[in-house]
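Undergrad: prediction below, plus the sequence it came from.
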Amino acid sequence: MSVLCLFDCDGTLVDSAHTIVAAMTRAFADCGLAAPDAEAVRGVIGLPLRGAIAALLVNGEEWRLEPLAVAYKSAFADLARHRSHAEPLYPGVEAALSALAERGWLLGVATGKSRRGALATLGSHGLLDRFVTVQTADDGSGKPAPDMVFNAMRETGVDRRRTVMIGDSIYDMAMARNADVRALGVSWGYNGVQQLRGAGAELIVHGFDEVVVALDEWFQADRR
């Protein structure tokens, strides 16, 4: 029986914080607002765009959400065209994805990115064909709601006992717990180890080679 391995994108597969922080800074400036602290921006990576912006607004002024979202999308698209704002893969991504696919397991993505952004990022690294399902913030309630996990399980026909969410943020871990699937935290992203544990990570790994080892141990019965 197959296993469904769902990966977050920003902070798990690709290092995109530099571009996200720069785009958010420019968006706030374009809307006449003081830029949020970079660490605060890193802390909301993983949320849907409007949810992230709402968390960064000091006074929670809802009327600013839409112009800020528009400004952010424009800034991100502009920055993404420049080499200095590339979203590089973390070391070991491709080897780990190949190793998991060789086991006959299904790979998917569940990300706070828009569908357009997710497809562009994955496509730029030649990874789109690796994933049988790509769930984005455009497909329903974003993290930490369980909708993206439920959608992925429904698309692939894999049940919760053989599904795992792999991510770097507290929102990934909370989404996994809300969907009642296993939660594997990675330490190289934008939230700390203690934050991940507090959000429900069953295990924390420190490299993509450890991702493969952990999943083998969890789902070894599926390989018999």
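TA: It's in.
Undergrad: looking at the chain, which helix is longest?
TA: Ranked by number of residues, the top helix in the chain under DSSP state H is helix 65-80.
Undergrad: what's downstream of that one, the next helix or strand?
TA: Toward the C-terminal end, the helix or strand that comes next after helix 65-80 (DSSP states H and E) is helix 93-102.
Undergrad: residues in contact with the helix or strand just after that following helix?
TA: Counting by DSSP H and E, the next helix or strand C-terminal to helix 93-102 is strand 106-110. Applying C-beta atoms under 8 Å, 6 or more residues apart in numbering, the contact partners of strand 106-110 are 2-9, 13, 97, 100-101, 118, 122, 130-136, 143, 148-149, 152, 156, 158, 165, 167, 172, 175. Quick note: C-beta positions are derived from backbone N, CA and C, even for glycine.
Undergrad: just the angle for strand 106-110 relative to helix 93-102, thanks.
TA: Interaxial angle of strand 106-110 relative to helix 93-102 (axes from the mean of the first three to the mean of the last three C-alpha atoms, to 10 degrees): 130 degrees.
Undergrad: residue ranges of each domain in this structure, please.
TA: With domains defined by automatic domain parsing, the chain comprises 4-15+88-223, 17-85.
Undergrad: shaky segments in this protein?
TA: For the chain, the stretches flagged by pLDDT under 70 are 60, 83-85, 221-224.
Undergrad: for it, what spans make up the helices?
TA: Going by DSSP H, the chain shows helices at 17-30, 38-44, 49-56, 65-80, 93-102, 115-124, 147-156, 170-179, 193-199, 208-218.
Undergrad: right, and these - which one's nearest Val186?
TA: Checking these against Val186 by C-beta to C-beta gives helix 208-218 as the closest, at 7.2 Å.
Undergrad: for that closest one, list every residue counted as buried.
TA: Within helix 208-218, the residues that count as buried by 16 or more other C-beta atoms under 10 Å are Phe208, Glu210, Val211, Val212, Ala214, Leu215, Trp218.
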